[in-house]
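J.: the sequence isn't on hand, but the structure is:
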Ligand code: NAD
């Protein structure tokens, strides 16, 4: 797709307030594929004004009509799914089949789920002698990362619009073309002017201006814990609502009764998917000491098959960050069994699929989020729960056992927001979000919708 030179504000593409631009780079060949405007506080101000002006009309629109507009938006995403997949592949570098199935496919599911929820959700309920109304929170500032460029946008914008809120989006600087395509889709779907607005730009400039804007009622942020902490503090000082989807360091716990080969192979695929740039990825594999060497062998064989087929990471900056973690793993004494510092290609931001064995729970690579195709295999004897819970994060995880009941009993002891049992499938209606420092709030399904609602009770 061709980059727009303006911001999508108040239902039209308007010139940016300043002249600075951001280059968009294809991570496969390192070529510049487009330029988008680098928004400033002035652009954010225009966008928030447009969202505020559109709020009364959209909040008063009957939920069934909001649902119809969301269904129209879903239909545009379906009609343009090939273009979406190609755009994500161009700016994120993910292989096209993955972009088609996941980067284009999942947002269609999520937009569809909110079209349905908007039509069926009980926005009004009776509680004894009261009527409780679930009303929109107001103007939403949405700040998203690059790892699932469209999913992260739709997981915020669709529930916000379903709730009757209006939105200003500041997408990640690495993947703004997908965000522009989404703005085109919003226009094509016939959403009223100002209900959705887009400001591209740098995080510390446009993102910060949005998070600090006094006329934004709720900030919904997905990204790193470091930035999330700042945004949470800013929101706290202003006494405004905030939702934070932050980092993760999820454990894949393989209990001794599990089908080891299946658990290891699915676990490796989970970490390598999207080149390891998934906040919920199971980057710590916990294996009982009796099966440890067999699991390491299986994981090494599985990871070695990927080579450069997983695609590059998003940027040179991300590649050097991932490499520095690989260096740290080696320096701290972990055993490198496959992959390492050498890149599988000369050009592009590729990182070799990497597996470390003999990782101890306190090593840096077992504690910090790497956000690259790097798996750490940790040995346990009796203390699997303690190791699994032994990081500041608590976003996701997996448990494998012969009997579902054994896995469920273990999963209930994990301090984490989501657990897949024996390779359970993705559910777009299940709440997603973190325990501990992985965040505040939930996305997806009805729990994701309530983030954008506030209650008013009338007594009779
Ligand atoms: P990041 O925090 O640097 O950036 C995320 C977004 O915040 C971007 O749009 C960026 O421009 C913006 N931003 C940066 N500084 C800002 C500031 N001072 N004020 C306001 N906005 C600012 O994160 P990233 O490098 O883009 O993404 C990778 C991180 O995101 C990883 O740590 C990953 O775990 C996390 N993540 C979490 C989830 C989740 O759902 N929990 C999903 C995806 C990514």
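T.: Thanks, I have the structure now. Values in this document were obtained by computation on a predicted structure and should not be read as measured data. Numbering: from 1, shown residues only.
J.: how about the strands of the stretch 201-350 of the chain, start to end?
T.: Per DSSP state E, counting those that start in this stretch, the stretch 201-350 of the chain carries strands over the ranges 218-222, 241-245, 251-254, 284-288, 335-338.
J.: quick one: which of these is nearest residue 129?
T.: strand 241-245 (28.0 Å; Cβ to Cβ). (Each C-beta comes from the backbone N, C-alpha and C, glycine too.)
J.: tell me the strands beside the closest one, with direction?
T.: Neighbouring strands of strand 241-245 in its sheet, by DSSP bridges, are strand 218-222 (parallel), strand 439-440 (antiparallel).
J.: okay if I get those strands as CSV plus mean pLDDT, distance to residue 421 and mean neighbour count?
T.: Shown next, in CSV, are the strands paired with strand 241-245 (pLDDT from 0 to 100; distance: least, Cβ to Cβ, whole Å; neighbours: other Cβ atoms under 10 Å):
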stretch, mean pLDDT, distance to residue 421, mean neighbour count
strand 218-222, 98, 25, 26
strand 439-440, 96, 22, 22
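J.: out of those, which gets nearest to the ligand?
T.: Comparing the strands paired with strand 241-245 against the ligand with Cβ to the nearest ligand atom, the closest turns out to be strand 218-222 (4.6 Å).
J.: returning to that earlier point: distance to residue 25 added to the strands paired with strand 241-245, as TSV?
T.: What follows is these, written out as TSV (distance: least, Cβ to Cβ, whole Å):
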stretch	distance to residue 25
strand 218-222	22
strand 439-440	29
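J.: which residue does the stretch 251-400 of the chain have closest to the ligand?
T.: Closest residue of the stretch 251-400 of the chain to the ligand, Cβ to the nearest ligand atom: residue 279 (3.3 Å).
J.: residues contacting that residue?
T.: By Cβ atoms under 8 Å, 6 or more residues apart in numbering, the residues touching residue 279 are 147, 222, 245-248, 369, 371, 395, 438.
J.: how about residue 376?
T.: Residues in contact with residue 376 (Cβ under 8 Å, 6+ apart) are 283-285, 329, 334, 356, 359, 363, 365-366.
J.: same deal with residue 94?
T.: Counting by Cβ under 8 Å, 6+ apart, residue 94 touches 88, 102-103, 274-275, 311.
J.: closest one of these to residue 253?
T.: Distances from residue 253 to these, taken by Cβ to Cβ, are shortest for residue 274, at 21.8 Å.
J.: interface residues of this protein facing the ligand?
T.: For the chain, the contact set with the ligand under Cβ under 6 Å from any ligand atom comprises 143-147, 170, 172-173, 203-204, 207-208, 211, 222-224, 227, 230-231, 245-248, 279, 369, 371, 395, 439.
J.: how many neighbours does residue 200 have?
T.: By other Cβ atoms under 10 Å, 29 other residues sit near residue 200.
J.: tell me the contacts of it?
T.: Counting by Cβ under 8 Å, 6+ apart, the residues that residue 200 touches are 7, 22, 36-39, 170-171, 173, 176, 179-180, 206.
J.: about what we covered before: ok, of the residues of the chain next to the ligand, which come out buried?
T.: Neighbour counting over these (16 or more other Cβ atoms under 10 Å) leaves 143-147, 170, 172-173, 203, 207-208, 211, 222-224, 227, 231, 245-248, 279, 369, 371, 395, 439 as the buried ones.
J.: just the ones of these in helices?
T.: Among those, DSSP state H puts 208, 211, 227, 231 in helices.
J.: okay, and for the stretch 351-460 of the chain, where does confidence drop off?
T.: Under the criterion of pLDDT under 70, none of the stretch 351-460 of the chain is flagged as low confidence.
J.: now do the strands in it.
T.: Assigned by DSSP E, counting those that start in this stretch, the stretch 351-460 of the chain shows strands spanning 354-359, 374-380, 397-400, 420-421, 439-440, 453-459.
J.: quick one: residues in contact with the fifth one.
T.: The set of residues external to strand 439-440 that reach it, using Cβ under 8 Å, 6+ apart, is 228, 232, 242-246, 395, 433-434.
J.: filter these down to the buried ones, ChimeraX style.
T.: Buried members of those, defined by 16+ other Cβ under 10 Å, are picked up in ChimeraX with:
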select :228,232,242,243,244,245,246,395,433,434
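J.: could you check how far residue 7 is from residue 15?
T.: Relative to residue 15, residue 7 is positioned 8 Å away (Cβ to Cβ, to the nearest Å).
J.: can you lay out the ones in helices among the buried ones among the residues of the chain next to the ligand as JSON lines showing pLDDT and distance to residue 159?
T.: Output for these, formatted as JSON lines (pLDDT from 0 to 100; distance: Cβ to Cβ, whole Å):
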{"residue": "208", "pLDDT": "98", "distance to residue 159": "24"}
{"residue": "211", "pLDDT": "98", "distance to residue 159": "19"}
{"residue": "227", "pLDDT": "97", "distance to residue 159": "22"}
{"residue": "231", "pLDDT": "97", "distance to residue 159": "19"}
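J.: among the residues you listed, which one lies nearest to residue 55?
T.: Proximity of these to residue 55 (Cβ to Cβ) peaks at residue 211, which lies at 18.7 Å.
J.: ok, that closest one touching residue 218?
T.: No: contact criterion Cβ atoms under 8 Å: residue 211 and residue 218 do not qualify, at 10.8 Å.
J.: overlap in contacts, the two.
T.: residue 141.
J.: circling back: now the residue of the stretch 251-400 of the chain closest to the ligand: closest residue in space that isn't a chain neighbour?
T.: Excluding its sequence neighbours, the residue lying closest to residue 279 (Cβ to Cβ, 6 or more residues apart in numbering) is residue 248, at 4.6 Å.
J.: list the contacts for the one you found?
T.: With the criterion set at Cβ under 8 Å, 6+ apart, residue 248 makes contact with 279-281, 369, 393-396, 434, 438.
J.: hmm, try it at 10 Å
T.: 225, 278-283, 369, 371, 391, 393-397, 416-418, 434, 437-439 (Cβ atoms under 10 Å, 6 or more residues apart in numbering).
J.: got it, and residue 188?
T.: Each residue near residue 188 by Cβ under 10 Å, 6+ apart is listed here: 72-73, 75-77, 79-80.
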